[in-house]
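> sequence and predicted structure are below.
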Amino acid sequence: MHLTQRIRRAFIFMLATAFLAGWAGTASALDPVYSTYLGGAIRGYDPVAYHTEKKPVKGKRAHRVEWKGATWSFASARNKELFEGNPEKYAPKYGGYCAWAVSQGYTASIDPDAWSLVDGALYLNYSLGVREQWSRDIPGNITKGDANWPKLLAGK
């Protein structure tokens, strides 16, 4: 076997090992807030804007706050103040993970355009199609999501 083939195989093995180690680690410990490395919590969108402007609005670097181990971005200083005064009111349910996925017992990322306000609470979904599926039984899915969320946080 040539040296380049050995190096290539060793590299692939190291990548696979790193992936599996990271995957196994995340299976047992769930971050309480869905966030990306670059976009922060809920992909950098302003959670307050869903409530006040009734639409997704991208947050700005100038208006950020750390809460529950994630960086939250806001479109304005006023929205940041509202969030800081009552983060539980404005933060999305289930840490911003897909509400449908949580109702089914797992987590998934979100599309900021796939959202719903239900009784003053913000719910996000993986996609517009998944939001449509979630919307078919919102009360039932919220009941299941509320039951599954503590188990998911505990890694069960």
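Arrived safely, thanks for sending.
> C-alpha from now on. contacts and neighbour counts both.
Will do.
> kindly state the pLDDT recorded for the residue nearest the centre of the chain?
Against the mean C-alpha coordinate of the chain, by Cα atoms, centre = their mean, the closest residue is residue 34 at 2.6 Å. What the model reports as pLDDT for residue 34 is 94.
> one more: residue 3?
So residue 3 comes in at 53 (pLDDT).
> same question, residue 101
So, for residue 101, pLDDT stands at 98.
> what residues does stretch 42-50 touch?
Residues from elsewhere that reach stretch 42-50, judged by Cα atoms under 8 Å, 6 or more residues apart in numbering: 34-36, 55-59, 72-75, 79-80, 82-83, 90-92, 96, 110, 112, 117, 122.
> now the end-to-end length of stretch 116-126.
Stretch 116-126 has an end-to-end distance of 12 Å (Cα to Cα, to the nearest Å).
> avg pLDDT for it?
Stretch 116-126 comes out at a mean pLDDT of 98.
> only the buried residues of it, if you could.
116, 122, 123, 124, 125, 126 (16 or more other Cα atoms under 10 Å).
> run through the bridge partners of the third one.
Following DSSP bridges, residue 123 is listed with bridge partners residue 116.
> contact partners for it?
92, 93, 94, 96, 98, 99, 115, 116, 117.
> just to revisit the earlier point, PyMOL command to pick out the buried ones of the contacts of stretch 42-50?
With 16+ other Cα under 10 Å as the criterion, this PyMOL line picks the buried residues out of the contacts of stretch 42-50:
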select buried, resi 34+35+55+56+57+58+59+72+73+74+75+79+80+83+90+91+92+96+110+112+122
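> inside strands: which ones of the contacts of stretch 42-50?
In this view, the contacts of stretch 42-50 that belong to strands under DSSP state E are 35, 36, 72, 73, 74, 112, 117, 122.
> okay, those residues in TSV with distance to residue 63 next?
Converted to TSV, these look like this (distance: Cα to Cα, whole Å):
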residue	distance to residue 63
35	17
36	17
72	8
73	6
74	5
112	18
117	23
122	20
